[in-house]
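Visitor: 3D model of this:
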Amino acid sequence: MNFNELNNQSTVYVDSTLQTTTMRHVFTWMFGALGITALTAMLVAKSSLIYTMIMNPGLLWGLIIAELALVFILSARIGKMSFFTSSLLFTIYSILNGVTLSSIFIVYTMTSIAATFFITAGMFGAMALWGYFTKKDLSKWGSIFFMLLIGLILATVVNLFLRSGAMGFIFSIVGVIIFTGLTAFDVNKIKQMLAQTQGFEEGDVVRKVALMGALTLYLDFINLFLYLLRFFGRRD
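Guide: Numbers count the residues shown, from 1 in each chain. Take a look at the predicted model:
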């Protein structure tokens, strides 16, 4: 996510208290968005909309494209948006993602979904804590995991045509590794960005930094959950 534009909008020093408060806002927004997504997914799974999406793949692809567009707009334009607008877009994105993810309640049992969620939360929490408190320089991790992610996306597209179960299994392992590592990297990046900036005023800038950090970690959590679900998800 692009924080550079936000960094240039303020000149007041951020003390440790404000940094801690901002990190707390990051996780508040992230878990709030996860809650919205989960609730939306469950409601859609119990409605006729889920069958409408199954019967109309074009609708699902339209939702996915809309999600990608929202992430791009937030990443590129948040510095020029009001906090209200950016938070509204994040909320809409969380709802749309819930709609697209509703199919997992058709494919997997509720028990296995819940179990996978708690496994994901445990792994995410452990890596987030390590990323926050570690003294190691994680700056090189970003480029490594980004290249791995690009490779994974391309390989997954190829496997859509090959339909290899073995390759899919390997890709799931790689996906878990990538998003586990990205969790630590992104938490560390948010912390370091706050520590090294010239400063933030307590206002829209701080809140938008928290929002973008939340979106980044939200994506890490969702993707980690989906890859783990391929291992722990159980069908009826």
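Visitor: How about Met30, nearest residue that isn't a chain neighbour?
Guide: Ala214 (4.2 Å; Cβ to Cβ, 6 or more residues apart in numbering). For every residue, glycine as well, the C-beta is placed using N, CA and C.
Visitor: buried set for stretch 170-183?
Guide: Going by neighbour count (16 or more other Cβ atoms under 10 Å), the buried part of stretch 170-183 is 171-172, 174-176, 178-183.
Visitor: Please tell me I have it right and the residue nearest to Met30 contacts Thr22.
Guide: No - between Ala214 and Thr22 there is no contact under Cβ atoms under 8 Å: 10.6 Å.
Visitor: Pick the one among the buried residues of stretch 170-183 closest to Leu149.
Guide: Ile178 (5.5 Å; Cβ to Cβ).
Visitor: Summarise which helices and strands the one helix or strand that closest one maps to is packed against.
Guide: Per DSSP states H and E: Ile178 is located in helix 165-196. The contact analysis (3 or more Cβ pairs under 8 Å, 6 or more residues apart in numbering; DSSP states H and E) places helix 165-196 against helix 16-45, helix 110-133, helix 139-162, helix 204-232.
Visitor: which of those is buried the deepest?
Guide: Highest mean neighbour count among the helices and strands packed on helix 165-196 (mean count of other Cβ atoms under 10 Å): helix 204-232, with a mean of 22.
Visitor: Centre of the chain to it, how far?
Guide: Relative to the chain's own centre, helix 204-232 is displaced by 2 Å; criterion: Cα atoms, centre = their mean, to the nearest Å.
Visitor: Against which helices or strands is it packed?
Guide: Going by 3+ Cβ pairs under 8 Å, 6+ apart, helix 204-232 lies up against helix 4-7, helix 16-45, helix 57-77, helix 83-101, helix 110-133, helix 165-196.
Visitor: so where's this structure shaky on pLDDT?
Guide: 1-16, 196-203 (pLDDT under 70).
Visitor: coming back round to it: make CSV from the buried residues of stretch 170-183 and add distance to Ser94 to it.
Guide: Putting those into CSV (distance: Cβ to Cβ, whole Å) gives the following:
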residue, distance to Ser94
Phe171, 26
Ser172, 24
Val174, 26
Gly175, 21
Val176, 23
Ile178, 22
Phe179, 18
Thr180, 22
Gly181, 24
Leu182, 19
Thr183, 18
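Visitor: give me the number of residues near the closest residue to Asp236 other than its chain neighbours?
Guide: For Asp236, ignoring the flanking residues on the chain, the nearest one in space by Cβ to Cβ, 6+ apart is Thr109 at 5.9 Å. When neighbours are counted by other Cβ atoms under 10 Å, Thr109 registers 13.
Visitor: OK, contacts around Thr109?
Guide: If a contact means Cβ atoms under 8 Å, 6 or more residues apart in numbering, then Thr109 has 233-236 as its contacts.
Visitor: Recalculate using a threshold of 10 Å.
Guide: 115, 233-236 (Cβ atoms under 10 Å, 6 or more residues apart in numbering).
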